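Visitor: Could you look at this predicted model? Sequence included:
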Amino acid sequence: MTPVGRRVSRRDFLKLGGAGLAGAALVGSAACTPAGNGGGNGGEGPVTLTFSFGPDESGTMQELIDRFNQQYEGEIQVNLRTMSAATGQYFDQLRTEFQAGGGDIDVIGGDVIWPAQFAANGWILDLSQYFTEEMQAEFLEGTIQSNTYEGAIYGVPWFTDAGMLYYRADLLEEAGVEPPTTWD
């Protein structure tokens with residue numbers, strides 16, 4: 001597969017990762033530039049990147065982006081593009097833009113099932129030379145596997161949602177219920 005998108009230098013990638021932005025599920029969407037639109041700066045001023053993510057009512061995402069932009073002022077400017085909260089709609093919107101060969105998104109905060117689908121179609125870049133196996137060893141194996149397609153890595157794990165099951169021992173004891181001691 002030949003990536004169509006703008007190549008990100010190792011230095012720029014590590015800067016993004018250090019600030020928490022490249023930790024998005026998918027990085028370097030090919031949709032950003034068959035025509036050289038997204039991620040570019042035309043050789044003038046800072047590199048401008050568009051980061052897509054679902055709604056964040058807390059304002060935390062914009063705060064992180066503002067801090068990043070301040071830290072790398074004059075070098076890299078990140079703009080947030082808020083996408084649908086419904087992951088199916090978000091995925092469909094990305095797929096439509098990518099199939100059309102357009103869009104302005106450079107970095108995607110996405111679902112764990114997206115990397116293989118996007119990589120298979122050549123819509124995102126292989127990050128193997130930027131996100132080395134040594135770096136990958138710092139993450140849970142499952143999160144790395146979900147970002148791997150045909151032996152190449154297409155995303156950087158950012159956060160992991162894990163369901164938990166809690167019980168109140170006092171209420172179970174009061175009800176005379178003995179909680180299980182194994183998953184079986």
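Guide: Right, received. Where do you want to start? Since this is a predicted model, take the numbers as computed values, not measurements.

Visitor: Which strand or helix spans residue 96?
Guide: Residue 96 belongs to helix 87-99 when assigned by DSSP states H and E.

Visitor: So, low pLDDT: which residues of the chain?
Guide: By pLDDT under 70, the low-scoring segments of the chain are 1-43.

Visitor: all helices of it, in order?
Guide: The residue ranges that make up the helices of the chain, judged by DSSP state H, are 10-18, 60-71, 87-99, 114-120, 133-136, 141-146, 169-175.

Visitor: Turn the ones you listed into TSV, including distance to residue 52 and mean neighbour count.
Guide: (C-beta placed from N, C-alpha, C; glycine too.) Formatted as TSV, these follow (distance: least, CB to CB, whole Å; neighbours: other CB atoms under 10 Å):
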stretch	distance to residue 52	mean neighbour count
helix 10-18	14	16
helix 60-71	11	14
helix 87-99	7	16
helix 114-120	11	20
helix 133-136	23	12
helix 141-146	18	15
helix 169-175	44	9
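
Visitor: Ok, which of those helices comes nearest residue 154?
Guide: helix 114-120 (4.4 Å; CB to CB).

Visitor: centre of the chain versus that closest one, how much separation?
Guide: Offset of helix 114-120 from its chain centre (CA atoms, centre = their mean, to the nearest Å): 12 Å.

Visitor: For that helix, C-alpha coordinates in PDB please.
Guide: The C-alpha coordinates for helix 114-120 follow below in PDB (Å, rounded to 0.1, in the frame of the first residue of the first chain):
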ATOM      1  CA  TRP A 114     -11.400   1.300  12.600                       C
ATOM      2  CA  PRO A 115      -7.700   0.900  11.900                       C
ATOM      3  CA  ALA A 116      -7.900  -2.300   9.900                       C
ATOM      4  CA  GLN A 117     -10.900  -1.000   7.900                       C
ATOM      5  CA  PHE A 118      -9.200   2.300   7.100                       C
ATOM      6  CA  ALA A 119      -5.800   0.700   6.500                       C
ATOM      7  CA  ALA A 120      -7.200  -2.000   4.100                       C
END
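
Visitor: Tell me which other helices or strands it touches.
Guide: On a contact count with 3 or more CB pairs under 8 Å, 6 or more residues apart in numbering; DSSP states H and E, helix 114-120 meets strand 26-27, helix 87-99, strand 148-149.
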